[in-house]
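Colleague: predicted model follows, preceded by the sequence.
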Amino acid sequence: MRFNVIFFVILIVSGYLHGQNHETTVDSLERVLKGLPAPNKDRVDALNDLGYRYWIVNSNKSIANGSEALTLAEKLNYPHGIAMAKRVLGVAYWTLGKPKLALENLTDCQNAYSEIGDLEGAANCLMNSGMVYADIGDLDKALDIYESSIEKFTKLNLKSRIATTFNKIGLVLIQENQLPEAREYLTNALNMHSDDGFFYGMAESHNLLGRLFILENELEQADYHLKKATALGDNVNDVDGFIGNLIQYGKLQRLRGEYEDSENLLLEALEKATQNKLRKYILEAYKELKLLKKEQGQLEVSLSFYDAFIKLRDSIYDTDKSKQIAALEFNNELTNKEKEIELLQESRHSRTLMNVFLSLLLVTLAITALLMLRHQKQREKKETELLRSKEALARTELENAALKQRELRQQLDFKNKELTSYTLNFAQKNELFLQLLESINLLEDTTQSKRTKLLSEIKGTIKQQVNVDRDWEDFRRHFEEVHTDFYSRLKELHPKISANDLKISSLTRLNLSIKETANILGISPESVKTARYRLRKKLGIAPDKELLDYFLDIEKG
C-alpha cells in the first residue's frame, strides 16, 4: 500500500518534470526562431522543428508553425521544407480529430518526399496515415499501411522506425483482441527501441504491454511495464502517454482491491484529460470510476459516472462517424482525381493511336492498290499452285504443332521436377540451419579441441550454402514457367497484394503443408497460419472455400 502511494507521487512529479523538460526545449527553439527573422530556409526548418515538438502537447500551435513554414517554403521554392510542413500539419490535424485534412496533408507529404527522392520521409508519412485510419476504426487498412511501411523501412534499414510501427500494429491487434500476436510485436518493438536507447518508443511499448497484461489478468507483469513506462517518460513530454499510464495503473489498483490508490489515480487522470481536452481518456476515466464505485458499493456515485460516460460516448460516437465520413470523402476525392488523370491519359493515348492508325491505313491502302494492279494478271495463273502450297504448309504446321506439343509437355514435366527439387532444397536448407544451431549449442559442453573441430565443420557447412534470396528468385522463375501468368492474374485481381503474400500464395498453390511452408520461409508454423489468415482476408475468400481451390480457379480463369 505504501509503495503504491509512493509510485502515485512519482507519477505526479514525473508529469511536472515532463512539462519542465518540454518547456526548456520549446523555449530554446522559440529563441532560435526569434533569431531568424529573415525569410530563409533556416527559418522554415526552425518552424517545422517547433511544430514537430508541439505535436503531442499543443496541436493548435503545431498547425500555426506548420502553416507558416509551408507558406514560406512555397515562396522560397524549398521542396524539403514543403514536405516536412505537410507532415507537421498532417499529424497535427490527426491529433485534433480532423482525418480528412490529416490525410490530405499526409498524402501531399508522401508525394513531395517522393519527388525529391527522400524515401525515409515518404515512408514516415505513409506510416502516419496508418495512424489516421486506425483512429477512425478502419483497422484492416491501417494494418495494410503499417505492413507496407515496414517493407519500406526494412529496405532503408531503419530499425527504430520499424520498432515504432511494431508498436502501432500491437495497438491495433489489442483492439482486435489478438493478444498473443500483439505481445510478439510489442516485445520485438521494446527490444529494438532498447537497443537504440529511444526512450519515447520504449515508454510506448511498456505502456501497451501494461494494457495487454491487464487484459490477460497478469497483474504483476502489468505493474512492471506501467512503472517502466512512467519512469522512461521522464525523458519526454508526452502528455497523452502520461495520462494513459495514470488510467491503466488506476485500473490495475482496482483489480488488486487497492481502491483508495485507484480513485486518486483515476481522478488525477480525469482532471488532466479534461484540462487537455483528451476525450478518449476522459471516457476511459469515467468507465473505470464507474466500475470502482460499483465494487465499493457506492451505487449512486457509480451511476453518475456511468451517465457521464454514456453522454460522452454518444458524443464521441457522433464525432467518430463524422471522422469516418470525412475520411471516406477524401478517399472518394482521391479516387476521382486518379480517374480523371487516367481518363485524360487514355484520351491522349487514344487520339495518338487514332492518328497513327489513319496514317497506316492510308499507306496500306495505297500499297494494296499498287500490288493489286501489278499482280492482277498473275493471280489466276498462280492460284492453283498457291492452294497446293497452302495445303502442304498446313500439313507441315500440324506436324510441327504436334511435335512442339510433345516437347512442351516434356519441358513442363522437367520444370515440375526442377520446381519440386527447389522446394525440397528450401526445406533441406532450413533443416540444415536447425542442425547447425544444435551443433552450436553443443559447443558449450565440449572440450577445446572438439570445440575447434566443431567450429571448423560449421564454418565449412555455412560457406557451402547458397544465398536464400537468390534461391527464392530461382524458385519464383521456375514457378512462373510452370504456372504461367499465376502472379500476373493474382495481382490483377488483387493489386494491393504484397511480395510476402505472393510467397505464401505460390507455396499454397504447390499444396505444401503449414510445416513445410514454415521450413521453407524460415518462420514458425503459427506465423504461417497468421499469414494465411491475413491473405484470406485480403483476397476476400469465403470461410468455406480453401485457398488452394481459389488459386486453381484463378489458373483456370
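Modeller: Received it, and whenever you're ready, just let me know what you need.

Colleague: quick one: contacts for residue 490?
Modeller: By Cβ atoms under 8 Å, 6 or more residues apart in numbering, residue 490 lies in contact with 497, 502, 505, 551, 554. C-beta here means a position set from N, CA and C on the backbone, and glycine is covered the same way.

Colleague: correct me, but residue 472 touches residue 500?
Modeller: No: counting by Cβ atoms under 8 Å, residue 472 does not reach residue 500; the two are 11.2 Å apart.

Colleague: now do the helix or strand containing residue 89: which elements does it pack against?
Modeller: For residue 89, the element it lies in under DSSP states H and E is helix 79-95. Using 3 or more Cβ pairs under 8 Å, 6 or more residues apart in numbering; DSSP states H and E, the elements in contact with helix 79-95 are helix 41-53, helix 59-76, helix 99-115, helix 119-135.

Colleague: so which of those helices comes closest to residue 270?
Modeller: Of all the helices and strands packed on helix 79-95, helix 59-76 sits nearest to residue 270, with 20.6 Å by Cβ to Cβ.

Colleague: can you give me the strands for the stretch 301-450 of the chain?
Modeller: Applying DSSP state E, counting those that start in this stretch to the stretch 301-450 of the chain gives no strands.

Colleague: reformat the helices and strands packed on helix 79-95 as TSV; add mean neighbour count, mean pLDDT and distance to residue 453.
Modeller: Shown next, in TSV, are these (neighbours: other Cβ atoms under 10 Å; pLDDT from 0 to 100; distance: least, Cβ to Cβ, whole Å):
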stretch	mean neighbour count	mean pLDDT	distance to residue 453
helix 41-53	21	89	57
helix 59-76	19	91	63
helix 99-115	21	93	54
helix 119-135	22	93	46
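
Colleague: distance to residue 314 added to those, as CSV?
Modeller: Converted to CSV, the helices and strands packed on helix 79-95 look like this (distance: least, Cβ to Cβ, whole Å):
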stretch, distance to residue 314
helix 41-53, 33
helix 59-76, 24
helix 99-115, 20
helix 119-135, 18
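
Colleague: which of residue 472 and residue 500 has more neighbours?
Modeller: Using other Cβ atoms under 10 Å as the criterion, residue 472 and residue 500 rank with residue 472 on top: 18 against 14.

Colleague: any idea which element the more buried one lies in?
Modeller: Here residue 472 is assigned to helix 468-482, by DSSP H and E.

Colleague: let me know the average pLDDT across that helix.
Modeller: Mean per-residue pLDDT for helix 468-482: 72.

Colleague: following that helix, which helix or strand comes up?
Modeller: Following helix 468-482 in sequence order, the next helix or strand is helix 486-493 (DSSP H and E).

Colleague: and that next one, which residues are buried?
Modeller: By neighbour count with 16 or more other Cβ atoms under 10 Å, helix 486-493 contains the buried residues 486-487, 490.

Colleague: of those, which is the nearest to residue 259?
Modeller: Looking across the buried residues of helix 486-493 and measuring by Cβ to Cβ, the closest to residue 259 is residue 490, at 57.1 Å.

Colleague: tell me how far that closest one lies from residue 536.
Modeller: Distance, residue 490 to residue 536, using Cβ to Cβ, to the nearest Å: 14 Å.

Colleague: what's the answer for residue 193, then?
Modeller: Look at residue 193 and residue 536: by Cβ to Cβ, they are 32 Å apart.

Colleague: what helix or strand is the residue positioned nearest the centre of the chain on?
Modeller: When Cα atoms, centre = their mean is applied to the chain, the residue found nearest the centroid is residue 146 (1.5 Å). Taking DSSP H and E as the definition, residue 146 sits inside helix 139-155.

Colleague: what's the angle from that helix to helix 119-135?
Modeller: Helix 139-155 and helix 119-135 are oriented at 160 degrees to each other (axes from the mean of the first three to the mean of the last three Cα atoms, to 10 degrees).

Colleague: counting by contacts, list what the helix or strand just after helix 139-155 packs against.
Modeller: Using DSSP H and E, the helix or strand that follows helix 139-155 in sequence is helix 159-175. Helices and strands touching helix 159-175, by 3+ Cβ pairs under 8 Å, 6+ apart, are helix 119-135, helix 139-155, helix 179-196, helix 199-215.

Colleague: let's see it at 6 Å
Modeller: Applying 3 or more Cβ pairs under 6 Å, 6 or more residues apart in numbering; DSSP states H and E, one finds that helix 159-175 makes contact with helix 139-155, helix 179-196, helix 199-215.

Colleague: now it: how far from the chain's centre is it?
Modeller: 9 Å (Cα atoms, centre = their mean, to the nearest Å).

Colleague: before we move on, the earlier item: from the chain's centre, how far out does the helix holding residue 472 sit?
Modeller: Mean C-alpha position of helix 468-482 versus that of the full chain (Cα atoms, centre = their mean) differs by 26 Å.

Colleague: which other helices and strands contact it?
Modeller: Helices and strands touching helix 468-482, by 3+ Cβ pairs under 6 Å, 6+ apart, are helix 299-442.

Colleague: quick one: mean pLDDT over the helix it packs on.
Modeller: Helix 299-442 carries an average pLDDT of 71.

Colleague: so residue 137, which of the three states?
Modeller: Here residue 137 is recorded as coil under DSSP: H, G, I helix; E, B strand; the rest coil.

Colleague: phi, psi for it please.
Modeller: phi 90, psi 0 (degrees, to the nearest 10).

Colleague: so what's the residue count around it?
Modeller: 14.

Colleague: next: the one 5 residues further on.
Modeller: Counted by other Cβ under 10 Å, the residues lying close to residue 142 total 23.
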